[in-house]
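Novice: structure, please.
(chains A and B)
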2 protein chains.
Amino acid sequence: MRVYLAGPDVFLPDPHARGAVLKAICARHGLTGVFPMDELDTPEPPEWAARPLPHRIALRNEAHILGSGALIANLTPFRGPSADVGTVFELGFMRALGRPVFGWSNAAADFTARTLAFLGGATPDGEGWRDAEGMALERFGCLDNLMIDGAVAASGGSLETADVPEAARWTDLAAFERCCAKLAALK
Amino acid sequence: MRVYLAGPDVFLPDPHARGAVLKAICARHGLTGVFPMDELDTPEPPEWAARPLPHRIALRNEAHILGSGALIANLTPFRGPSADVGTVFELGFMRALGRPVFGWSNAAADFTARTLAFLGGATPDGEGWRDAEGMALERFGCLDNLMIDGAVAASGGSLETADVPEAARWTDLAAFERCCAKLAALK
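Specialist: Down below sits the predicted model:
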């Protein structure tokens, strides 16, 4: 089974090396990893040529997702309390296709705790909190926004977390490998 | 046409009032707004009852998206340089269904500028920048992560921004109304 490897891993200093490492772990579990930066198996449709580069990259990633049977998302918080939005877009895209979606994160604290830490505190409001703009915090004990947790659960996937030191946020792959093992067991 | 109104608007102090205001604007353009907190037209499937509340909310939102012909997302940055991840999940979900997706934001600065401001600067690297963890910044002049800009463009939608004062971030609806007008013109 081909599995799309969504994540901010594409922003790492050597993303191609990262993709190779992720794919090697996939292969250990009988999976074929598809990294966002991979070339498509077929030539790009001619109508893409007129589009700006970022839009062509987006269409290529969508094509990779359409060509994969499952998705594993790196949901490690990225520049804020939540996962990278590009990654979450892709998770939503695959969820709509009805295929299994998995997520992993190297931050084990739940979404509410991470948001409170990001904000430096918040104003208590009933059983929850509001930020300085009056916007409520989710307080469901989810890993991230409830759309993510809900989609993963409903799709038959799972969320795997690892409580790793800050310096290992973008290197520790134990939680990723647990996703691979669980996806392989689904087949 | 029913249009799903994705956004962190659900976190506002009076989300039901906000939903009513958004729907009134939709109605002016001949559109039927669907707010995430709306009840479903049909009873929830019995199998949802065993799921935790956040997962049931997620499934309800997915059902609303499936029942809508288009989506307009409030992409105003939320607790970081990017849009709310729940909103972006829903945008990706609707994009996979092949229906038009629109986005609006009350922050007019592009994604790179917002990310640099959020980080408090970054390290120049070639034609771009890297953050303190070595992760690259997107530098395509997009409104947000390229998956968002690419999806909106490919779907036939558009991105509308307004440069409003910080205090009006969650009240100014001029950019939202432009999305409604453009969606109505698509039909």
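Novice: let's check: the centremost residue of chain A is which one?
Specialist: A:A73 (2.6 Å; Cα atoms, centre = their mean).
Novice: surely that one touches A:T87?
Specialist: Yes - look at A:A73 against A:T87 with Cβ atoms under 8 Å: they come within range, at 5.1 Å. Yep, even glycine has a C-beta here, placed from its N, CA and C like the rest.
Novice: now do the shared contacts for the two.
Specialist: Residues touching both A:A73 and A:T87 by Cβ atoms under 8 Å, 6 or more residues apart in numbering or on different chains: A:6-7.
Novice: which element is the residue nearest to the centre of chain A on?
Specialist: For A:A73, the host element (DSSP states H and E) is strand A:70-74.
Novice: direction included, what does that strand pair against?
Specialist: strand A:2-6 (parallel), strand A:101-105 (parallel) (DSSP bridges).
Novice: what sits up against the first one?
Specialist: So that's strand A:2-6. A:19, A:22-23, A:26, A:31-36, A:64-65, A:67-74, A:86-87, A:90-91, A:94, A:180, A:183.
Novice: could you check the pLDDT of A:F102?
Specialist: Per-residue confidence (pLDDT) for A:F102: 98.
Novice: again, but for A:E127
Specialist: The model's pLDDT for A:E127 equals 89.
Novice: for it, give its distance to chain B.
Specialist: Computed as Cβ to the nearest Cβ, to the nearest Å, the A:E127 to chain B distance reads 13 Å.
Novice: tell me the secondary structure for the residue nearest to that residue when sequence neighbours are not counted?
Specialist: Closest residue to A:E127 apart from its sequence neighbours, by Cβ to Cβ, 6 or more residues apart in numbering or on different chains: A:R139 at 6.8 Å. Assigned by DSSP: H, G, I helix; E, B strand; the rest coil, the conformation of A:R139 is coil.
Novice: ok, A:R139 - contacts?
Specialist: Contacts of A:R139 (Cβ under 8 Å, 6+ apart): A:112, A:127-129.
Novice: helices of chain A, start to end?
Specialist: A:15-28, A:53-66, A:85-96, A:111-119, A:146-155, A:174-186 (DSSP state H).
Novice: for the closest residue to A:D163 other than its chain neighbours, what are its contacts?
Specialist: The spatial neighbour of A:D163 that comes closest, neighbours along the chain excluded (Cβ to Cβ, 6+ apart), is A:A108 at 3.8 Å. Applying Cβ under 8 Å, 6+ apart to A:A108 gives the contacts A:161-163.
Novice: pLDDT wise, what is A:A108 at?
Specialist: 91.
Novice: against A:V10, how distant is it?
Specialist: A:A108 is 24 Å from A:V10, where distance means Cβ to Cβ, to the nearest Å.
Novice: drop the exposed ones from the contacts of strand A:2-6 and show what's left.
Specialist: A:19, A:22-23, A:26, A:31, A:33-36, A:64-65, A:68-74, A:86-87, A:90-91, A:94, A:180, A:183 (16 or more other Cβ atoms under 10 Å in any protein chain shown).
Novice: give the contact list for the residue lying farthest from the centre of chain A.
Specialist: When distances are taken from the C-alpha mean of chain A, A:G126 lies farthest, 31.7 Å away, according to Cα atoms, centre = their mean. By Cβ under 8 Å, 6+ apart, A:G126 lies in contact with nothing.
Novice: next up, phi/psi of it, please.
Specialist: When read as degrees, to the nearest 10, the backbone of A:G126 gives phi 60, psi -130.
Novice: hmm, back to that, so what touches the strand holding A:A73?
Specialist: Residues contacting strand A:70-74 (Cβ under 8 Å, 6+ apart): A:1-9, A:65, A:83-84, A:87-88, A:90-91, A:94, A:99-105, A:157, A:176, A:179-180, A:183, A:186.
Novice: swap in stretch A:166-175?
Specialist: A:9, A:12, A:21-22, A:25, A:76, A:104-107, A:160-162, A:164, B:133-135.
Novice: how about the residue lying closest to A:R95 once chain neighbours are set aside, what does it touch?
Specialist: Distance criterion Cβ to Cβ, 6+ apart; nearest residue to A:R95, sequence neighbours excluded, is A:A151 at 4.2 Å. A:A151 is in contact with A:91-92, A:95, A:101, B:58, B:62, B:89, counting by Cβ under 8 Å, 6+ apart.
Novice: now with 10 Å?
Specialist: A:73, A:88, A:91-92, A:94-96, A:101, A:103, A:157, B:55, B:58-59, B:61-62, B:89, B:93 (Cβ atoms under 10 Å, 6 or more residues apart in numbering or on different chains).
Novice: ok, A:E90 touching A:V34?
Specialist: No - using Cβ atoms under 10 Å, A:E90 makes no contact with A:V34, being 11.2 Å away.
Novice: which neighbours do these two share?
Specialist: Common neighbours of A:E90 and A:V34 (Cβ under 10 Å, 6+ apart) are A:4-6, A:61, A:64-65, A:71.
Novice: same list, those, but as JSON lines with pLDDT please.
Specialist: Formatted as JSON lines, the shared contacts of A:E90 and A:V34 follow (pLDDT from 0 to 100):
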{"residue": "A:Y4", "pLDDT": "98"}
{"residue": "A:L5", "pLDDT": "98"}
{"residue": "A:A6", "pLDDT": "98"}
{"residue": "A:N61", "pLDDT": "98"}
{"residue": "A:H64", "pLDDT": "98"}
{"residue": "A:I65", "pLDDT": "98"}
{"residue": "A:L71", "pLDDT": "99"}
